[in-house]
Every structure is written in structure tokens, then in C-alpha cells.
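Undergrad: Predicted model, plus sequence, below.
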Amino acid sequence: MTNQPPLTQTAQISKPNGLALLPLMLFLALFLGTGTYLTLQGVDYAFYQLPAPVAVLPALLLALVITKDKVNTTIENFISGVGDSNVIAMCMIYLLAGAFAAVASATGGVESTVNLGLSLIPSWFLLPGFFLISAFIATAMGTSMGTLGAVGPIALGVAQTTGIDLGIMAGAIISGAMFGDNLSIISDTTIAATRTQGCEMKDKFKENLRIALPAAVAVIALLYFLSSEAVLPAVGDVDWIKVVPYLAIIVLALAGLNVFVVLGSGIILAGVVGLMQVPDYSLMVLSKNIYTGFSNMQEIFILSLFIGGLGAVMSHQGGLSFIVKKIDLLLMRFSGQHKDVSERAAEFGIASVVSLTNMAVANNTVSIIVASNVAKDLATTHNVKPKRSASILDIFACCIQGVLPYGAQALMLGAMFGLSPLAVSLNVFYPMLLAISAILTIIWRRREI
């Protein structure tokens, strides 16, 4: 995510229409269903047999077939979603992250940085260590995607060198990135949640922290247990010059610079190191490495554009309004009358609407913006404090986003680590534990009378 909230894609409340959700269901059925079936059949790389960007095409066609709008209107809505600033920002991060990983690998930076990491982090603390590193950088940087682009190549090299399961390592750094992104005061999600609910960032931060800390401690303990079988090989020499690009990325991220500046600087530094240190490394080779990095992110780039467009079409056709209406009716039925909905039930309603919205649009910032009006109404009507509604919005958007196999984080790490997105998402433990912590807080929290 970038550091400015894309408030252009706001919730346009259309007439509720459950049929508008069918395209998303079709995509999930094709992509996840095919991958699961082929996995059970013992096919290698089962989730790569049907490319996700191709699996979404029938869903887009179905959206055109079932719409009551003119075809041109639906296409315009699709293009608007594709061109949303948040979607484009994510795609640019993909490209820069891929380019940095490719250049750093070609110039020997990965090997030296892995050796440095192995010399600093004890073998029994590798997984928790990478969780903490990702959490720290994401909190300072305000973006989970930028954090994964910076930490991912290092984590991959360490996992391959030590024999740590790639899926667990990917899950560890996504967990840390989601922890930091959820708490950071410069994150899109924080800015969107606090602005729409009308509370101070510091109040929302404090509210989030007491829910997130127990989940983070539990994840660290779990990753410590999973780290016990890691075998640390002999650590090679550290070429400090080749480590500079990675160190620079971390320093710039902690300084709060824009993610594009951070990753762009990393590419330039890695290229300069290659030109100075690697024999026969030229500007022409550097340009090819950068393009190779771009190419490695082609699938996730195209899929993100398509999902962004599909989400906009479903929103305009009433799919998201349908979700909102069903949540509201459920709360009314739970209490008997809408005006008597309890504060606790209203908080669960806020959590439900942002969760279901995130499942539909696969973007935590956009889901917060779309669900914000309903959340604000529930909070105002049923005495939920703004800091609580903002915290719940951000937390449950984070919980869903972190475990979505078609979410940007799982897709990016799947492409980087050579894993299926489902294998990555199943190992992202923090959002699961955060959801448990948040639900227990809603149930047991002492409320003012």
C-alpha cells in the first residue's frame, strides 16, 4: 500500500443485488477449485496449471452477461476499477520489488545479505526474527507490500540456505508486514479508518495495540517452536558493499520515505554495486535484469488489474450493497429492532461488513472505504466510540487480507517464493490469531454503562 489513501474509489451505494457476487464466486471456484483438484491428483505446481489471470476471464464475462446496465457502462466501470490509484500503486510496487530482487540477486547481494542475517540472528530464532524485522519495517514504512518487496528476497535466501519451509517463512514475513501495516500511523488503512470514523490516529493506535500485542506474542511463540528444526549451515563471508542496497532499503523505510523512493533507491544502489564489483556487469546487463524482474511479476500484475476492475463492477452492480444489507438485517433480527441493537452486536456488524467486503474486493484499504458509511452509522446509532469502530474496521480488514489466497500479499510472495498462493496463505498465522484476539475483545471488553 502507498502512504496516501485512495479515497477516489468510495462506496457508491447501488441497489442490493446478490447476483452481482456470482462473478467472484465463479473465479474462486475455477482458480481454487482447479488447484485443489489437481493437488489431490498429485500434479506438481497444481495452482500454476490454470493461470489466475486466465481464471478471472470467465468471471469478467459473467459480469457482462448478468449486468442490467449497458455494456459500455459496465466496461467503463471495469476500466475505472483497473485505473484506481490504489490498484495502480500496488502494481507499481510489484514491478519495483521484482526489479530489486532480480538486480540484487544478479549482483551477489542476496548471498552476502543472507550471510549477514545468519551471523546476526540465532538459528533458533530465525522465523521470529524475520517476523519482527517485517513488523518493524512495516510500522515505519506504512505499507505491507513495500515491506514484502524489501524483506522477501532476504527471507527467501535464508530459507533456502537453512532448509526452513518456504511456506512458513513466507507466512512469517507476511504476518509481520500485516502487523506493522495495521498499526502504522502512515498506513493507507489507518488513514482511511480514522478519517472515515472521525477519530485521532493515536487513539486508534492504542486501541489496536492492546488487541494486536497478544496475537503478536502468540505468533512469535509459534514461530519459535517451528524454528527449532532449522539447520544453520556454515556462514560464508559477508561482502559489505553488496549488502549496502538492503541496508539502505531498511534505513530509508525506517526513515518514513515513500515506498517508491525506497525501492527505486534499492534498484539504483544494487545496480551501482554490480557495475563496481561484478566482472563484465554493464548497464545493458542491468537493464535486462530490471526487465527480468518486471517479467517475474507479470502474472500478479495482470491479476491485480483484473481483480480491481471486477471489484468495481460488482460494487456498481450492487454486490457490496447486498452484503451490507444482509449484515444489517442480521443485526436487526438478532436484537428484534434495529434501534435496540447492542453495542457488542454493532461491533460484530462492523467486523462482518468489512470482512465480507474485503473478500469481494481483495483490498483492505478499499474495503474500509466501502464499509465506512455503514460502520459510521452503526457506531453512531449504538454508542460505539469512533476509535473502536476505526480499530475494528482496520483489524478485520487486515485479518481477511492476510489470509486471502487471491490477496496481493499471498500472490506476491507466491510469485517470489515459487509457491501457490494457497500454500502461502495457509501459513500466515498472525491474521488468524489477531481475529481471535479481536473477537474475544469484543465479547469480553468491559463497557461503560
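TA: Happy to help now that I have it.

Undergrad: check which helix or strand covers Gly35.
TA: helix 22-40 (DSSP states H and E).

Undergrad: Also Asn427?
TA: For Asn427, there is no helix or strand it lies in under DSSP H and E.

Undergrad: dump the residue contacts of Ala379.
TA: Gln197, Ala346, Ile350, Lys385, Pro386, Arg388, Ser389 (CB atoms under 8 Å, 6 or more residues apart in numbering). For every residue, glycine as well, the C-beta is placed using N, CA and C.

Undergrad: So the fifth one versus Gly349, what's the distance?
TA: Between Pro386 and Gly349 the distance is 16 Å, computed by CB to CB, to the nearest Å.

Undergrad: What of the fourth one?
TA: Computed with CB to CB, the distance linking Lys385 and Gly349 is 15 Å.

Undergrad: higher neighbour count, those two?
TA: Shown here are Lys385 and Gly349; by other CB atoms under 10 Å, Gly349 has more neighbours (26 against 15).

Undergrad: The more buried one and Ile75: what is the separation?
TA: Applying CB to CB, the value for Gly349 to Ile75 is 34 Å.

Undergrad: One more: Val103?
TA: Distance of Val103 to Ile75, computed by CB to CB: 38 Å.

Undergrad: Comparing the two, which shows the higher neighbour count?
TA: Between Val103 and Ile75, counting by other CB under 10 Å, Val103 is the more crowded of the two (27 against 16).

Undergrad: The more buried one and Gly293 touch, don't they?
TA: Yes - counting by CB atoms under 8 Å, Val103 does reach Gly293; the two are 6.7 Å apart.

Undergrad: can you list contacts of the helix holding Gly35?
TA: 46-47, 49-50, 52, 55-56, 58-60, 62-63, 66, 310, 313-314, 319, 359-360, 405-406, 420, 422.

Undergrad: Pull out the buried residues from those.
TA: Buried subset of the contacts of helix 22-40 (neighbour count, 16 or more other CB atoms under 10 Å): 46-47, 52, 55-56, 59-60, 62-63, 310, 313-314, 319, 359-360, 405-406, 420, 422.

Undergrad: give me every residue that touches Ile168.
TA: For Ile168, the contacting residues are Leu127, Leu223, Leu226, Asn427, by CB under 8 Å, 6+ apart.

Undergrad: Recalculate using a threshold of 10 Å.
TA: Taking CB atoms under 10 Å, 6 or more residues apart in numbering as the criterion, Ile168 is in contact with 127, 159, 222-223, 226-227, 230, 423-424, 426-429.

Undergrad: just checking, which of the contacts of Ala379 belong to helices?
TA: Gln197, Ala346, Ile350, Pro386, Arg388, Ser389 (DSSP state H).

Undergrad: Domain map for the chain?
TA: Domain assignment for the chain by automatic domain parsing gives 81-305, 318-444.

Undergrad: measure the first one end to end?
TA: Across its full length, domain 81-305 reaches 8 Å between end residues, using CA to CA, to the nearest Å.

Undergrad: Show me how far it is from its chain's centre.
TA: From the chain centre to the centre of domain 81-305 is a distance of 12 Å (CA atoms, centre = their mean, to the nearest Å).

Undergrad: measure Ile75 to Thr107 for me?
TA: Distance from Ile75 to Thr107, counting by CB to CB: 44 Å.

Undergrad: ok, now which ones touch Ile267?
TA: Ile267 makes contacts with 96-97, 99-104, 245, 249, 286, 289-290, 293, as judged by CB under 10 Å, 6+ apart.

Undergrad: again with Val82
TA: Val82 touches Ile88, Cys91, Ser304, Leu305, Phe306, Ile307, Gly308, Gly309, Leu310, Gly311, Ala312, counting by CB under 10 Å, 6+ apart.

Undergrad: Quick check: which of the residues you listed has the minimum pLDDT.
TA: Scanning the contacts of Val82 for pLDDT, the low point is Ser304. It has 76.

Undergrad: any idea of the pLDDT on Thr34?
TA: 84.

Undergrad: now swap in Asp377 and tell me
TA: Asp377 is assigned 73 on the pLDDT scale.

Undergrad: separation between it and Met145?
TA: Counting by CB to CB, the gap from Asp377 to Met145 is 31 Å.
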